[in-house]
Structures are given as C-alpha cells and as structure tokens.
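Visitor: Build me a structure from this.
(2 chains)
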Number of protein chains: 2
Amino acid sequence: MIKARVTVTLKTGVLDPQGKAIEHALTGLGFGGVGAVRQGKVFDIEIDGADKAQAEADLKAMCDKLLANTVIENYSVAIT
Amino acid sequence: MIKARVTVTLKTGVLDPQGKAIEHALTGLGFGGVGAVRQGKVFDIEIDGADKAQAEADLKAMCDKLLANTVIENYSVAIT
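Guide: Purely as a prediction, here's the structure:
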C-alpha cells in the first residue's frame, strides 16, 4: 500500500477570487500583514502495490485526466 | 516576507463523499488499485515580516478562527 499526497494549485497569474475573499476576511479579523492568499486542493490517495515509480506515473496520469485542470492549475505528487 | 502553506484535511472517521466520488471516478477511468481518496484544502499565504515564530502562531490562530473547522478538520502549518 502506497500513500501519496497530490497538491493542485492555481498557476501564477490565474485570478483566485476565493483566495482574495479569504485574504480580506483575515484582514477583517484583525490579522495585519497578510499578503496574497491562494487556495488550492489536496488529495490523499492510497494505491495498492509497492512499486513507487509506477504509482507516481499513475498519479500523474490521474492528475492529467481528472484531478487537475492543467490549463489553469499545476500539480505536484509526493509519495509519503 | 514569509511564505507559508496551510493544509486542512478531514479528521479520520469523518465521511468524505467528495473523496469517495473521486475514488469511483478514478476507478471508472481505468485506474485499478485505487484505495481510499480523501480531499482537503491548501492555502498558500504570504505574511509581512521576518519573525517565523510569530508568523506560525498567527497562522495557527487563522486556522482556528477561519481556515479550518476544528470540529471535523485537522490543519498543519509549514513555513516555506
């Protein structure tokens, strides 16, 4: 059993209204000095087997096909 | 300027229908051997200043107050 964490974040330059809203909310709550906030997604995925190279290749394929919109998002895969 | 990544994930035992849907979608796309999938959120936050200890304390307060629902979610803060 391989455990992996996939992190999907918006590419630089892509507008992130959700992150902007969080930024304003944090400032409104009294947290000074908060700069840019960007929100992304994280997926914790379990994969059967012990071949880490194969698992990493599979996870990248999953990102390309389903988990990330590669037009506007970057992804990173970390086997844990 | 301090850059930090806050990761918010559901606690063990909390139902995650979104993760379950992704799990089924991945299996349907032909990825065999996919076990549990859990979805979480990630926030990339910039904070003015250079005091990492203070920034970490502030980020934990932000999680408690806004970013995470600590009844059902765990969070982790990483200064990058």
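
Visitor: export stretch A:14-23 as PDB, just CAs?
Guide: Taking Å, rounded to 0.1, in the frame of the first residue of the first chain, the C-alpha atoms of stretch A:14-23 are listed here in PDB:
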ATOM      1  CA  VAL A  14      -4.700  33.000 -12.800                       C
ATOM      2  CA  LEU A  15      -7.200  35.000 -10.800                       C
ATOM      3  CA  ASP A  16      -8.200  33.500  -7.400                       C
ATOM      4  CA  PRO A  17     -11.300  35.200  -6.100                       C
ATOM      5  CA  GLN A  18     -11.700  32.700  -3.300                       C
ATOM      6  CA  GLY A  19      -8.200  33.400  -2.100                       C
ATOM      7  CA  LYS A  20      -8.900  37.100  -2.400                       C
ATOM      8  CA  ALA A  21     -12.000  36.700  -0.200                       C
ATOM      9  CA  ILE A  22     -10.000  34.800   2.400                       C
ATOM     10  CA  GLU A  23      -7.400  37.500   2.400                       C
END
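
Visitor: Tell me if it is near chain B.
Guide: Yes: Stretch A:14-23 lies within reach of chain B by CB under 8 Å from any CB of the partner chain, at A:G19, A:I22. Bear in mind the C-beta positions are built from the backbone N, C-alpha and C, glycine included.

Visitor: Mind listing residues that contact that stretch?
Guide: A:L10, A:V34, A:G35, A:A36, A:V37, A:R38, A:Q39, A:I72, A:E73, B:F43, B:L66, B:L67 (CB atoms under 8 Å, 6 or more residues apart in numbering or on different chains).

Visitor: change it to 6 Å
Guide: A:L10, A:V34, A:V37, A:R38, A:Q39, A:I72 (CB atoms under 6 Å, 6 or more residues apart in numbering or on different chains).

Visitor: For the closest residue to the last one other than its chain neighbours, pull up the helix or strand it's in.
Guide: So that's A:I72. Of all residues not flanking A:I72 in the chain, A:V14 sits nearest, at 4.8 Å (CB to CB, 6 or more residues apart in numbering or on different chains). For A:V14, there is no host helix or strand (DSSP states H and E).
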